[in-house]
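# Sequence first, predicted coordinates after that:
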Amino acid sequence: MQETKKQSVSSKATAQLTPDVEKMQRCLRLLEAALYVAGRPLDLNELCSVLSTRSKKKTKKFTKALMKDYSTRNTALEILELKNDRYVLQLKADFTPLVKKLVNRPLLSSGPLKTLSYIAYRQPVLQKRVIQVRGQHAYGHVKLLRDMKLVAAERAGRSMTLRTTDYFADYFGLTHDTATMKRELKRIFGAAIKENGQS
């Protein structure tokens, strides 16, 4: 009889835990879905809105739990924490070269990519200098790059000073330190940089 009572108490305790566990699992799935669909780093505010909560502490706890979960899986994907409390779901670096050819289309066509490489390599650089080097069509490139949040502009007299954004660095897997980034860019954008006489 006493054994039956113990089993009854134990099953009640399990039943009480289940909704909490289910809620946590749902939150983790929501965060995973958001990071997957976004295809870019998301900050805590964005992740809070996905979970319909204002608690950054709770959201960060769930995101860290998801990161830990991914680190124990033997998959090609990983979740990384970036500066300023931003998180991204991405392919592990080892797999990128192996599946690169399957990407449907490049992020940018050749012209805007060359303009972006020039800005990234020469930043901070005046927009008028970019136009002198890349030609009048570069006005359209700069607008596109700003719309895509890859480049930011600040007023500098009659012109604008252009530089790449944190999103640019995150998207291309580059460091946020400009000097180190420029060395990395020589390797990545080598052909475009040489073509623009920047070698």
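Nice, thanks for sending it over.
# how close does Ala152 get to Phe95?
31 Å (C-beta to C-beta, to the nearest Å). Backbone N, C-alpha and C define where each C-beta goes, glycine included.
# Please identify which of these two sits among more neighbours.
Each of Ala152 and Phe95 has its neighbours counted (other C-beta atoms under 10 Å); Ala152 has more, 18 against 14.
# Ramachandran coordinates for that one?
With angles defined as degrees, to the nearest 10, Ala152 sits at phi -120, psi 150.
# Identify the bridge partners of it.
Assessed by DSSP bridges, Ala152 has beta-bridge partners Arg163.
# for this structure, which spans come out with low pLDDT?
1-17, 100-107, 188-199 (pLDDT under 70).
# which residues of the chain fall in helices?
With DSSP state H, the ranges of helices along the chain come out as 2-38, 44-51, 56-72, 96-99, 110-122, 127-134, 138-147, 166-171, 178-188, 190-195.
# what's the residue closest to the geometric middle of this structure?
Using C-alpha atoms, centre = their mean, the residue of the chain that lies closest to the mean C-alpha position is Pro41, 2.8 Å off.
# Please report how far that residue lies from Pro19.
Taking C-beta to C-beta as the measure, Pro41 falls 32 Å from Pro19.
# do Gln132 as well
Plainly put, Gln132 is 64 Å away from Pro19 if you go by C-beta to C-beta.
# Same question for Lys60.
22 Å.
# neighbour-wise, which of those two wins?
Of the pair Lys60 and Pro19, Lys60 is the one with more neighbours under other C-beta under 10 Å, namely 16 against 9.
# That one and Met160: what is the separation?
Counting by C-beta to C-beta, the gap from Lys60 to Met160 is 36 Å.
# do the same with Tyr167
For Tyr167 relative to Met160 (C-beta to C-beta), the value is 18 Å.
# next one: Asp147
Taken as C-beta to C-beta, the span from Asp147 to Met160 is 15 Å.
# Those two: who's more crowded?
Shown here are Asp147 and Met160; by other C-beta under 10 Å, Met160 has more neighbours (18 against 9).
# Tell me how this structure divides into domains.
Following automatic domain parsing, one finds the domains of the chain at 2-98, 110-195.
# Deepest-packed of those, please.
The highest mean neighbour count among the domains of the chain, using mean count of other C-beta atoms under 10 Å, belongs to domain 110-195: a mean of 16.
# Show residues contacting stretch 173-186.
Here stretch 173-186 makes contact (C-beta atoms under 8 Å, 6 or more residues apart in numbering) with Lys83, Ala93, Ser117, Ala120, Tyr121, Gln123, Thr164, Asp166, Phe168, Ala169, Ile188, Ile193.
# what about 6 Å?
Contact with stretch 173-186 is made by Ala120, Tyr121, Ala169, as judged by C-beta atoms under 6 Å, 6 or more residues apart in numbering.
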